[in-house]
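Chemist: structure, please.
(chains A and B)
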Amino acid sequence: MTELKRIIKAGFINFKRGGSVSLAAVLQVVNTLVVIVAIILLQAVLYSSLSVIKDKVDVTIYFNVGAPEVQIMSLKESLLKLPEVENVSYVSAEQAIKLFRERHQSDYPTIAALDEIGENPLGATLNIKTKEISQYENIANFLKSDNVLGSGSPNIINHSNYYDNKLVIDRLNTIISGAQKLGFILTLYLIVSCMLITFNTIRLTIFIAREEIGVMRLVGASKMHVRGPFMVEGAIYGILSSIITSLFFWPITAWLGRNMTGFLGFNIYDYYVANFFQIFAIILISGILFGVISSFLAVRKYLNK
Amino acid sequence: MALDDVTFTIAAGEFVSIVGHSGAGKTTLTKMILAEDAPTDGTVFFESINVHKLKNKDLTKLRRRIGVVFQDFKLLSNKTAYENIAFAMEAVGKSDVEIVSDVPHVLELVDLSQRMRHFPHQLSGGEQQRLAIARAIINQPELIIADEPTGNLDPINTHEIVQILKKINDLGTTVILATHNRGVIDAIGKRVITMENGKVIRDTKNGK
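Modeler: Presented below is the predicted three-dimensional model:
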């Protein structure tokens, strides 16, 4: 217990007396943690944008005029049973004509033509949303299958717009999976490079003390007695850096939230505040681990000399 | 070759000076006693222990029985005079009570009581060396190895350091002093091992 107390005290004193060297190490850990938080926020923006785009994609089935509602509802039930389907909404022929009229109320020739026909030329529709964009093809295949309406039933489906939307859907699919892969590679690269820079900065701070490490060993200090204070110092780098980083993002996200919510389609400040404790825990643990492990490895080099 | 065919024994309580020009092998010899350097051939015994066969943990224990003083002092630069000595006591597991009582006492012994809150760079060369000696003796080691302790000092400080080492030896601690300063050897008047090109060329009881 006394040993632990002495190690912690020595770590704090070394940090305080380290002056500009300690400051440089803290700033470098801050850089790494800033990259981590920026990646977390960017991913949140990316996923929010992707989900908005995904939400805009759907497939509509157009039924023949006069198709019995019972059969349509039975198809709706079958669709809802598919694991890929998230939601199916039914628009009756009456609702369809009403919506059409509302949409074209200022288009006099179209409304006049509709009045001329006299009866409702539009059929009912089913609007389908799947959980993933890639699953629309499965729905299209399902609709093409023979037993979709039950054997022997007349075909009530006029057409679906899947094939009209296919190109857009495929392109979106490629963009989304590409963005996710690129995001992962970029995240990995940034985190690994920052970790290496941080490790080497801490190694430099310990390199300065390499002779002292040798002297400590010569006066009979155990490995833990020599290494311990450096590890405590590393932990202090991590704790201070995570506090600085979390404070640093407060005004930045507030500004982005105030000025960029419309552009991003996402209030980054609300996200930061709502997830503050999780984000702080991530950077605190990362910061302490960076500091302690880097110190541990750097001191090891000089301990065995 | 830094050392070649060197064989001698030092009895407990002796004061032995190892003398020779720069490059004679004095520092290599002291490093081998501390197991900082290993011989390509041969053995170094501390009592009956072959120091180069010791594992890391046991080597730490052995070093706690030896106090070391270097020409360049090798003090911990970011610790005060008080803390430098306290560190050596902490290393051997002394309690806080012992540290608080013994450190001021040993600093008084080397006349540094007024400088205990100073960092090494705030002390003169002589003061730094006295501090290094205080650190070396604080745990009452059985052996003190002093490698050119007066190499960076003026004659007055050199005299002081020699007197302190003699006093330590008078109290029963074995002292090995490596030096190239003939004047220091003359002032001590005890056993002298003379080295040249890595070999022992003379071993005299009351060397001059």
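Chemist: which element is residue A:89 on?
Modeler: strand A:85-91 (DSSP states H and E).
Chemist: what sits up against that strand?
Modeler: The contact list for strand A:85-91 (C-beta atoms under 8 Å, 6 or more residues apart in numbering or on different chains) reads A:72-73, A:76, A:79-80, A:99, A:124-131, A:139. The C-beta positions use only the backbone N, C-alpha and C, and glycine is treated the same way.
Chemist: and if we set it to 7 Å?
Modeler: For strand A:85-91, the external contacting residues (C-beta atoms under 7 Å, 6 or more residues apart in numbering or on different chains) are A:72, A:76, A:79-80, A:124-131.
Chemist: quick check: mean pLDDT across that strand?
Modeler: The pLDDT scores in strand A:85-91 average 89.
Chemist: equivalent analysis for stretch B:129-138, please.
Modeler: Stretch B:129-138 comes out at a mean pLDDT of 89.
Chemist: any idea how far that stretch is from the chain center?
Modeler: A distance of 9 Å separates the centroid of the chain from that of stretch B:129-138, by C-alpha atoms, centre = their mean, to the nearest Å.
Chemist: can you check stretch B:93-109 too?
Modeler: 20 Å.
Chemist: same deal with stretch B:85-93?
Modeler: 17 Å.
Chemist: which stretches in chain B count as helices?
Modeler: B:26-33, B:56-63, B:81-91, B:96-109, B:125-137, B:155-170, B:182-188 (DSSP state H).
Chemist: show me which residues of chain B are close to chain A?
Modeler: Applying C-beta under 7 Å from any C-beta of the partner chain, we find that chain B lies next to chain A at B:34, B:60, B:63-64, B:68, B:74, B:76-78, B:87-88, B:90-92, B:135.
Chemist: would you map the strands across chain A?
Modeler: Assigned by DSSP state E, chain A shows strands spanning A:59-63, A:85-91, A:125-130, A:157-160.
Chemist: wait, which of these is closest to residue A:4?
Modeler: Smallest distance to residue A:4 across the strands of chain A (C-beta to C-beta): 54.9 Å, for strand A:85-91.
Chemist: which parts of that closest one count as buried, going by neighbours?
Modeler: A:85, A:88, A:91 (16 or more other C-beta atoms under 10 Å in any protein chain shown).
Chemist: can you count the residues close to residue A:71?
Modeler: When neighbours are defined as other C-beta atoms under 10 Å in any protein chain shown, residue A:71 has 16 of them.
Chemist: that one and residue A:157 touch, don't they?
Modeler: No. Using C-beta atoms under 7 Å, residue A:71 is not in contact with residue A:157, being 9.9 Å away.
Chemist: how many neighbours does the nearest residue in space to residue A:16 that is not next to it in sequence have?
Modeler: The spatially closest residue to residue A:16, leaving aside those adjacent along the chain, is residue A:22, at 7.6 Å (C-beta to C-beta, 6 or more residues apart in numbering or on different chains). If you count neighbours by other C-beta under 10 Å, residue A:22 ends up with 18.
Chemist: now swap in residue A:185 and tell me
Modeler: 10.
Chemist: let me know the pLDDT of it.
Modeler: 89.
Chemist: all helices of chain A, in order?
Modeler: So, for chain A - with DSSP H - the helices run A:2-18, A:20-56, A:69-81, A:93-103, A:108-117, A:136-144, A:162-208, A:210-218, A:223-264, A:268-274, A:276-303.
Chemist: for residue B:149, find the nearest of those.
Modeler: helix A:210-218 (14.6 Å).
Chemist: how far off helix B:81-91 does the closest one point, in degrees?
Modeler: Counting by axes from the mean of the first three to the mean of the last three C-alpha atoms, to 10 degrees, helix A:210-218 lies at 50 degrees to helix B:81-91.
Chemist: tell me the buried residues in helix A:210-218?
Modeler: Applying 16+ other C-beta under 10 Å to helix A:210-218 flags A:212-213, A:215-218 as buried.
Chemist: quick revisit: and of the helices of chain A, who's closest to residue B:20?
Modeler: Once these are compared by C-beta to C-beta, helix A:210-218 is nearest, at 22.6 Å.
Chemist: which other residues reach that closest one?
Modeler: A:226, A:299, A:302-303, A:305, B:34, B:63, B:68, B:74, B:76-77.
Chemist: same thing with stretch B:43-59?
Modeler: Identification of contacts with stretch B:43-59 by C-beta under 7 Å, 6+ apart yields B:32-33, B:35, B:38, B:62.
Chemist: and which of those is nearest to chain A?
Modeler: residue B:62 (8.4 Å; C-beta to the nearest C-beta).
Chemist: if we can go back for a sec, list just the nearest of the contacts of stretch B:43-59 to residue A:295.
Modeler: Of all those, residue A:295 sits closest to residue B:35, with 26.0 Å by C-beta to C-beta.
Chemist: could you report the neighbour count for the closest residue in space to that closest one that isn't next to it in sequence?
Modeler: Leaving aside its chain neighbours, residue B:35 sits nearest to residue B:51 (4.5 Å; criterion: C-beta to C-beta, 6+ apart). Residue B:51 has 20 neighbouring residues, counting by other C-beta under 10 Å.
Chemist: what residues does the stretch 1-150 of chain A put near chain B?
Modeler: By C-beta under 7 Å from any C-beta, the residues of the stretch 1-150 of chain A that approach chain B are A:6, A:14, A:17.
Chemist: the residue lying farthest from the centre of chain B and chain A, how far apart?
Modeler: Relative to the centre of chain B, the most outlying C-alpha is that of residue B:97, 26.4 Å out, by C-alpha atoms, centre = their mean. Per C-beta to the nearest C-beta, to the nearest Å, residue B:97 is found 11 Å from chain A.
Chemist: remind me which residues of the chain are low pLDDT?
Modeler: No chain in the question, so chain A it is. Applying pLDDT under 70 to chain A flags residues A:146-154, A:304-305.
Chemist: that answer is for a different chain, and I need it for chain B
Modeler: Looking at chain B by pLDDT under 70, you get B:1, B:207-208.
Chemist: list buried residues within the contacts of strand A:85-91.
Modeler: In these, the ones that pass as buried (16+ other C-beta under 10 Å) are A:72, A:76, A:79, A:124-126, A:128-130.
Chemist: what's the neighbour count on the residue of the stretch 1-150 of chain A found nearest chain B?
Modeler: Nearest to chain B, among the residues of the stretch 1-150 of chain A, is residue A:17, at 4.7 Å (C-beta to the nearest C-beta). Residue A:17 has 14 neighbours, counted by other C-beta under 10 Å.
Chemist: just the one 4 residues further on next, same as before
Modeler: Neighbour count of residue A:21, defined by other C-beta under 10 Å: 18.
Chemist: sorry, back to before: give me the nearest residue to the residue of the stretch 1-150 of chain A closest to chain B, chain neighbours excluded.
Modeler: Per C-beta to C-beta, 6+ apart, closest to residue A:17 is residue B:78, 4.7 Å.
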